[in-house]
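[1] Take this sequence and fold it.
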Amino acid sequence: MSDFSRLARFATTVRCDAVDGGAKSRSGKKEKSALSARVGRRFGSRLSTIRSAATQLEEEKAWTRARVAVERRLKDADEDVYALAVLGEDEEVSVAAREEYGKTTSTSNATHVMDVLAFRRLSAMMSTYEKNVETHGIARQVVVITAGGDTRAFRLPFPVGTAIFECADGQVHTEAAARLKAVGAKPSRGCSHRRVPLDATAENVPYGDLEERLERAGYRPDVRSIWLVQDVHSWDHARLATFLTESSDVMTTGSEIIIDMSGIASSDDIVRREFASNGVMPEIVRIPEDEGREAIRLVLGFVQRVSLKESEYYRDQLLAAEDEADEDGFED
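    Take a look at the predicted model:
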């Protein structure tokens with residue numbers, strides 16, 4: 001065999017070994033890739049199951065807290081068929097849940113006083129700003145922030161042109177809506193009830209979520225509103241301050257807010273300063289404990305400035321006017 005033949009055979013052998021080795025390497029990579037895919041699918045499935053279970057647990061907690069809040073609103077109060085429908089006849093709230101969530105939710109007395117104040121302030125608002133004005137569309141807004149299951153939109157005779165925005169956990173809304181629909185609950189004639197899927201009573205709501213969800217539901221920062229906020233006894237002062245900053249930014253001049261602060265530890269002076277720093281003039285209403293009824297501390301806030309979006313609009317118009325003046329030669 002010639003040297004050339006030997007060299008050619010050697011090269012062919014090396015090439016074949018390389019091809020076999022590459023095939024084995026690719027085969028090994030495929031096996032590893034398949035194994036990784038199987039592990040990934042199994043891990044992803046388990047992770048999805050864990051997340052689903054955690055979500056379900058949170059939804060159950062939110063619904064239980066909402067039902068405790070509804071129970072407390074009903075205690076020693078006039079019968080509310082809609083609230084009874086939300087509670088259901090065959091379901092019981094555990095003693096442990098009542099003890100845990102009862103500390104963070106408002107009483108029936110506080111709810112009743114808030115209702116009375118809200119209607120007085122709504123009447124005053126209409127007399128001041130809507131006298132001899134024909135109503136078209138949304139004339140005023142009511143924002144209700146609770147743990148869920150609120151029935152004001154159905155049991156209170158709101159005037160024509162009122163839009164009620166109810167903020168609560170999305171799953172709570174789903175459950176409550178189904179139960180209220182079953183008993184024929186509807187808002188007053190000429191009014192609308194809009195469910196906003198956000199638990200604004202929580203202690204860690206991302207800044208901006210409240211404004212985004214409200215506006216998505218049709219809320220308008222340039223239309224006067226009255227806000228009713230309760231079931232927030234678990235808030236600390238930092239959470240209160242964040243809420244006041246965000247809520248005051250989406251309320252226009254003449255809007256008002258009523259907060260049940262019976263369980264919030266901040267002193268009256270600190271509360272007044274916090275409200276004032278956000279352009280809201282506060283008035284504190286205290287009702288002492290009496291005959292087993294818990295003491296109540298409500299804060300009424302009167303908004304003294306325009307909403308943030310209105311302020312931005314006016315600023316843009318002013319800048320545009322200045323630019324036009326420069327172009328017309330009125331200024332150097």
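
[2] ok, which stretches of this structure are helices?
    3-74, 81-87, 95-102, 108-129, 152-155, 170-182, 209-216, 237-249, 268-277, 308-327 (DSSP state H).

[3] So for residue 137, which of those helices sits nearest?
    When the helices of the chain are ranked by proximity to residue 137, the top entry is helix 108-129, at 15.2 Å, counting by CB to CB. The way it works is simple: take the backbone N, C-alpha and C, and place the C-beta from them, glycine included.

[4] which strands and helices sit next to the closest one?
    Other elements packing on helix 108-129 under the criterion 3 or more CB pairs under 8 Å, 6 or more residues apart in numbering; DSSP states H and E are helix 3-74, strand 140-145, strand 225-229, strand 256-260, strand 280-287, strand 296-303.

[5] list the buried ones in that helix?
    108-111, 113-114, 117-118, 121-122, 125-126 (16 or more other CB atoms under 10 Å).

[6] Now tell me what touches it from outside.
    Outside of helix 108-129, the residues that reach it under the criterion CB atoms under 8 Å, 6 or more residues apart in numbering are 72-77, 106, 140, 142, 152, 156, 158-159, 162, 224, 226, 228, 230, 254, 256, 258, 260, 262, 285, 287, 293-294, 296, 298, 300.

[7] related to what we said a few turns ago, so which of the buried residues of helix 108-129 is the closest to residue 207?
    When those are compared for distance to residue 207, the smallest value, 25.4 Å, is given by residue 114; criterion: CB to CB.

[8] how close does the closest one sit to residue 89?
    In this structure, residue 114 and residue 89 are 27 Å apart, going by CB to CB, to the nearest Å.

[9] List the residue ranges of the stretch 101-250 of the chain that fall below the pLDDT cut-off.
    Low-confidence segments of the stretch 101-250 of the chain (pLDDT under 70): 134-136.

[10] Count the residues that sit near the nearest residue to residue 142 once chain neighbours are set aside.
    When the adjacent residues along the chain are set aside, residue 142 lies closest to residue 164, with 4.7 Å between them (CB to CB, 6 or more residues apart in numbering). By the criterion of other CB atoms under 10 Å, residue 164 has 22 neighbours.

[11] Give the buried residues for stretch 271-282.
    Those would be 271-272, 274-275, 278-280, 282, for stretch 271-282 by 16+ other CB under 10 Å.

[12] now do stretch 241-253
    Using 16+ other CB under 10 Å as the burial criterion, the residues of stretch 241-253 that qualify are 241-244, 246-252.

[13] Quick one: mean pLDDT over stretch 285-299.
    Rounded to a whole number, the mean pLDDT of stretch 285-299 is 92.

[14] CA atoms only for that stretch - export them in CSV, please.
    Extracted as CSV, the C-alpha positions of stretch 285-299 are listed here (Å, rounded to 0.1, in the frame of the first residue of the first chain):
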residue,chain,number,x,y,z
VAL,A,285,-65.9,64.1,64.4
ARG,A,286,-65.7,62.0,67.6
ILE,A,287,-68.5,60.0,69.1
PRO,A,288,-67.7,58.5,72.5
GLU,A,289,-68.2,54.9,73.5
ASP,A,290,-71.7,54.3,74.8
GLU,A,291,-73.7,51.3,76.1
GLY,A,292,-71.2,48.8,74.7
ARG,A,293,-70.8,50.6,71.4
GLU,A,294,-67.3,51.3,70.3
ALA,A,295,-66.0,54.9,70.1
ILE,A,296,-66.0,56.4,66.7
ARG,A,297,-63.5,58.9,65.1
LEU,A,298,-64.4,60.1,61.6
VAL,A,299,-62.4,62.6,59.6
